[in-house]
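Colleague: okay, predicted coordinates and the sequence, questions at the end:
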Amino acid sequence: MAKKSQVRRNEAVESVVRRARPIVHQQAPELQPYGTIARLPNALSEDACAQSAENLNQLLADTITIRDMYKKHHWQVSGPTFYQLHLLYDKHYEEQNELVDKVAERIQLLGAISLAMAADVAETTIIPRPPRGREEVPVQISRLLHAHEVILKEAHTMAGQADDNDDDGTNDLIVSDIIRTNELQVWFLAEHVVDVPMVRAD
Ligand SMILES: [Fe+2]
């Protein structure tokens, strides 16, 4: 008898402990497939949400790419302008990182799914892939300026499309955040590749 009650006690303890144990290696089908719209009561048409989400995912992939290119150059920069460029590249990295979050969350609030993982970003971006190795400062800056121009060109087109679809929030995000930030960063970068005398006037 004593043995049976002991077994019952052990089973009771085991069932309590089982509830406290983390449940790992769980799997289930996706809640929402990529490329679909789960409509929210946001007073926007489904077509408007779909087109804005598609555009914003392109913008997101390119913004993640330029953000990461800034970090690459922040680490790999060399030469007499090392210190100022090391700091400037990281400042622009942080600003692009904020844009990444704003764009990704706008895609989600439109009822769509934002890209997230590096492999998906690499497949989607239209910014040319830089080599793994270190490049000279003028080449780093040229790559960044080209990437900014890619983003600015598509941003102008996408802002117009969002306006046509009455998606004012997307239009505002693209104009106020994406375009203005990228234009300012272009200025700060481009002035570094103006060939002015360093010590003696011409
Ligand atoms: Fe750093």
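Modeller: Okay, I see it.

Colleague: which of the residues in the lengthiest helix in the chain are buried?
Modeller: The residue-count maximum for a helix in the chain (DSSP state H) belongs to helix 46-76. Across helix 46-76, burial judged by 16 or more other CB atoms under 10 Å covers 48-53, 55-74, 76. Placement of C-beta: from N, CA and C, glycine included.

Colleague: for it, which helices and strands make contact with it?
Modeller: In terms of contacts (3 or more CB pairs under 8 Å, 6 or more residues apart in numbering; DSSP states H and E), helix 46-76 is packed against helix 82-109, helix 118-124, helix 137-164, helix 168-172.

Colleague: dump those helices to JSON lines, plus distance to Q27 and mean neighbour count.
Modeller: Listed next are these as JSON lines, based on distance: least, CB to CB, whole Å; neighbours: other CB atoms under 10 Å:
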{"stretch": "helix 82-109", "distance to Q27": "23", "mean neighbour count": "17"}
{"stretch": "helix 118-124", "distance to Q27": "20", "mean neighbour count": "13"}
{"stretch": "helix 137-164", "distance to Q27": "36", "mean neighbour count": "17"}
{"stretch": "helix 168-172", "distance to Q27": "34", "mean neighbour count": "17"}
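
Colleague: if I look at P41, how far off is H86?
Modeller: Separation of P41 from H86 (CB to CB, to the nearest Å): 47 Å.

Colleague: hmm, back to that, would TSV of the helices and strands packed on helix 46-76 with mean pLDDT be doable?
Modeller: Formatted as TSV, the helices and strands packed on helix 46-76 follow (pLDDT from 0 to 100):
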stretch	mean pLDDT
helix 82-109	98
helix 118-124	98
helix 137-164	98
helix 168-172	98
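
Colleague: columns distance to R18 on top of the ones you listed, output as JSON lines?
Modeller: Output for the helices and strands packed on helix 46-76, formatted as JSON lines (distance: least, CB to CB, whole Å):
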{"stretch": "helix 82-109", "distance to R18": "35"}
{"stretch": "helix 118-124", "distance to R18": "37"}
{"stretch": "helix 137-164", "distance to R18": "52"}
{"stretch": "helix 168-172", "distance to R18": "47"}
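
Colleague: right, I'll call it a day here.
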